[in-house]
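In: Any chance you could fold what I've pasted below:
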Amino acid sequence: MTTMQPTSTTEAQVGTLPPKAVECGQGSQDSVKSKKSKKPKTPQEPTWKTKGEDGTVFVTEGKATIKFPSDNSVFYNPVQEYNRDTSIAAISTWSKMFFKERVETAGRRRKVKQPSGRENGDGNERNEPTSPQKSAIPAIFNGYIEEHEEIKMEDLDDIDLSQPEYKDQRFTILEALSATGLRSIRYAKDLEHVETIVANDILSDAVEAIRQNVKHNNVEDIVVANEGDANISMYQVIKKPYDVIDLDPYGSAAPFLDAAVQAVSEGGLLCITCTDLAVLAGNQPDACWAKYGGMPLPNSPYCHEMALRLLLHTVQTSAARYKRCIEPLLSLSIDFYVRIFVRVYTSPALVKKAAGKTSMVYHCSGCRSFVLQPIGKSPQNGDGKKVGAACGPNVGSTCEHCGRRFHIGGPFYSAPIHNQEFIKRMLRHVTDAPQEKYKTKSRMIGMLTVASEELPIPFFYDIASLVATAKSMPLPLLKFTSALLNMGYKVSLTHAAQNCVKTNAPGWAVWDVIRRHVQEQPLKERPADTPGSNILAKPLKNEVSWEHHPQANPCSRKMKLVRYQENPTAYWGPMERAGSKKAQEANGTNKKRSGDIDQLGADQQPNEQTADDSANKRLRST
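Out: Residues are numbered from 1 along each chain as shown. Purely as a prediction, here's the structure:
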């Protein structure tokens, strides 16, 4: 079942309860008065919606305005403005890198950079840890961590598209599921060096609406409306591909991936949204296997990151059929959907090494520990061009910590899901942009910063889940991360969930921290033969130091950036599919939604505020 991002709170120490309203500067007498004199409020029109004298409704987002004949025909979700803002920033950043590569190659075919052995599993790859003390995961993942630390912001040059060498550079965009054309119009108004944007939809009414909105926004010279099936529209241009293809369907993008990976140019960008988290991260393994070729783990704390990696695996396998490989630039779990930005290249050599970027995961049904199992590796000797099967399994028949059995998830994409250079360039772009361009700028900066801090390895631990298993008191985030850092391991937060920690520490080291925490705060006697009691019965393998480590608190948390969104309104999310019976009853229309169209579900912009790593609500129930 899909879960929403938890409600945010102010920056407070994890493990303390949030202050009462009266302690937050709100006068108690005023609160009482407001309750006694409460009057029904007159509904107010949201700031993004205006009405004409003839009843026409205008919806404004950024520099774009789209119109609807009446209120009953409005299908728009303001929560998705963050999606469109992020997409504009991502395409802007990609275009600079794309043009730079074009100029540098001076017309020659771009040579795909061969990633290092750590990334592709070449002859230098080691499948076994060199030291049980320092290695938690197969060595290939520690290689990702080393590469993650190599890129510095100051090392990145500034790509200025106003320079003469970029004057004639242009790129094309296809929005395959355009609906009203809002996204295409925003692209036309906010992106530089765009030659053509094709706004495609299968419905005649939608295409007519696109034409009217394009004319209303004076972008006829850039945006072209097209009526047709999304897949056919992509298959027809394989010999003359688009540079950017944006897929933002209602539900799964899986039916469009085969066409998309063929219809995008060399080094081009795929922007893909999937809103079917009930499948990708929920309890529908049969549907997930049918659509994405992988098995989800809905009860795992990292189910949303798993959703991202399952989608990337599907894109990778789709591209590999045509001797193409992918390079994830940015992969985000946002609200009720996932959004990925992926470059596509043609490289038969790298396609053969895709197995080295694919793994399974053993997830303990008792304590929720996990162990990664790569599927492929290259031989340790030789030139590393031939890929073989990895050795395994890395686990026994039961969990070494609690004795329970494992669930198996995957296969999934296990290489890094972010490109550090891209994220840092995008972060610079967003920071320098005016607030008027990106109304969700504060949240964009926060999420990009957290993504840039993430360790480039799969999955993470939920501190609340760990202490719940041990039936212990709450453990503050900084105390937990300091303990692991003092042991010599790496840690980071994750954008996908609050109060969760990525680390290359082995499971026994993580549980050593919990065991030490329980020893200092003993509770009542626990039942025998439970996951928690079995874990606590084991002795500590390492000394645990609670001394504060300088790297325990990341910059995104120190700066109190907007990292996680608070639910803006009740019942927010993707809403009912336009055209469904419920949607028709609610809105008096049977127009089908695809892409950006959504039911009117929120009367205000998302309420973004700084979030703490607050697992307190969950902890109170343990």
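In: Helices along the stretch 501-622 of the chain, start to end?
Out: 507-520, 531-536, 555-558, 581-587, 616-620 (DSSP state H, counting those that start in this stretch).
In: An error on my part: the question was meant for the stretch 201-350 of the chain.
Out: 204-216, 230-235, 254-263, 277-280, 285-292, 303-320, 348-352.
In: And the fifth one, what does it pack against?
Out: Using 3 or more Cβ pairs under 8 Å, 6 or more residues apart in numbering; DSSP states H and E, the elements in contact with helix 285-292 are helix 277-280, helix 303-320. C-beta here means a position set from N, CA and C on the backbone, and glycine is covered the same way.
In: Export the ones you listed as TSV, with columns for distance to residue 232, mean neighbour count and mean pLDDT.
Out: Output for those, formatted as TSV (distance: least, Cβ to Cβ, whole Å; neighbours: other Cβ atoms under 10 Å; pLDDT from 0 to 100):
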stretch	distance to residue 232	mean neighbour count	mean pLDDT
helix 277-280	25	24	96
helix 303-320	17	25	98
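In: can you list those helices in CSV and add distance to residue 355?
Out: What follows is the helices and strands packed on helix 285-292, written out as CSV (distance: least, Cβ to Cβ, whole Å):
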stretch, distance to residue 355
helix 277-280, 22
helix 303-320, 10
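In: on that earlier part again, got a markdown table for the helices of the stretch 201-350 of the chain, with distance to residue 174 too?
Out: Below are the helices of the stretch 201-350 of the chain laid out as a markdown table (distance: least, Cβ to Cβ, whole Å):
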| stretch | distance to residue 174 |
| --- | --- |
| helix 204-216 | 13 |
| helix 230-235 | 7 |
| helix 254-263 | 7 |
| helix 277-280 | 24 |
| helix 285-292 | 22 |
| helix 303-320 | 16 |
| helix 348-352 | 24 |
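In: Which one, of these, ends up nearest to residue 528?
Out: Nearest of these to residue 528, taken as Cβ to Cβ: helix 303-320 at 30.2 Å.
In: any idea of the angle the closest one forms with helix 285-292?
Out: If you take axes from the mean of the first three to the mean of the last three Cα atoms, to 10 degrees, helix 303-320 sits at 40 degrees to helix 285-292.
In: Mind listing what's buried along stretch 397-404?
Out: For stretch 397-404, a neighbour-count test (16 or more other Cβ atoms under 10 Å) marks 399, 401, 402, 404 as buried.
In: Can you get me the start-to-end distance on that stretch?
Out: Taking Cα to Cα, to the nearest Å, the first and last residues of stretch 397-404 lie 9 Å apart.
In: What of stretch 180-200?
Out: Stretch 180-200 stretches 10 Å from its first residue to its last (Cα to Cα).
In: chain center to that stretch, what's the gap?
Out: 23 Å (Cα atoms, centre = their mean, to the nearest Å).
In: what is the mean pLDDT for that stretch?
Out: Mean pLDDT, stretch 180-200: 96.
In: residue contacts, residue 262?
Out: Taking Cβ atoms under 8 Å, 6 or more residues apart in numbering as the criterion, residue 262 is in contact with 234, 235, 238, 241, 322, 324.
In: Closest one of those to residue 434?
Out: Distance to residue 434 across the contacts of residue 262 (Cβ to Cβ) is lowest for residue 241, with 33.1 Å.
In: The closest one reaches residue 267, doesn't it?
Out: No: Residue 241 is beyond contact range of residue 267, at 10.8 Å (criterion: Cβ atoms under 8 Å).
In: What's the separation between the closest residue to residue 204 other than its chain neighbours and residue 211?
Out: Counting by Cβ to Cβ, 6 or more residues apart in numbering, residue 204 lies nearest to residue 227, which is 6.2 Å off, once chain neighbours are set aside. Per Cβ to Cβ, to the nearest Å, residue 227 is found 10 Å from residue 211.
In: okay, residue 164: pLDDT?
Out: With respect to pLDDT, residue 164 scores 84.
In: for the one 3 residues further on, same thing?
Out: Model confidence at residue 167, expressed as pLDDT, equals 87.
In: i'd like the first residue to be 522 from this point on
Out: Fine by me, first position is 522 from now on; the one you just mentioned is residue 688.
In: Report how many residues lie close to it.
Out: Around residue 688 there are 9 other residues, counting by other Cβ atoms under 10 Å.
In: How about residue 847?
Out: 26.
In: That one touches residue 835, doesn't it?
Out: No: using Cβ under 8 Å, residue 847 makes no contact with residue 835, being 10.4 Å away.
In: quick one on the thing from earlier: need the contact list for the residue nearest to residue 725.
Out: Residue 748 touches 721, 722, 723, 724, 725, 728, counting by Cβ under 8 Å, 6+ apart.
In: The first one falls within a strand, correct?
Out: Yes: assignment of residue 721 by DSSP: H, G, I helix; E, B strand; the rest coil places it within a strand.
In: OK, contacts around it?
Out: With contacts defined as Cβ under 8 Å, 6+ apart, the neighbours of residue 721 are 695, 696, 697, 698, 699, 746, 747, 748, 749, 751, 754.
In: Point out where the stretch 972-1121 of the chain drops to low pLDDT.
Out: 1044-1045, 1086-1121 (pLDDT under 70).
In: all strands for it, in order.
Out: Taking DSSP state E, counting those that start in this stretch to define them, one finds strands in the stretch 972-1121 of the chain at 982-983, 1012-1013, 1021-1024.
In: nearest to residue 908, of the ones you listed?
Out: Closest to residue 908 of the strands of the stretch 972-1121 of the chain is strand 1021-1024 (Cβ to Cβ; 27.0 Å).
In: Out of the contacts of residue 721, which sit inside strands?
Out: Judged by DSSP state E, the contacts of residue 721 include 695, 696, 746, 747, 748 as members of strands.
In: which residues pair with the last one across the strands?
Out: Okay, so that is residue 748. Note on residue 748: beta-bridge partners by DSSP bridges are residue 722.
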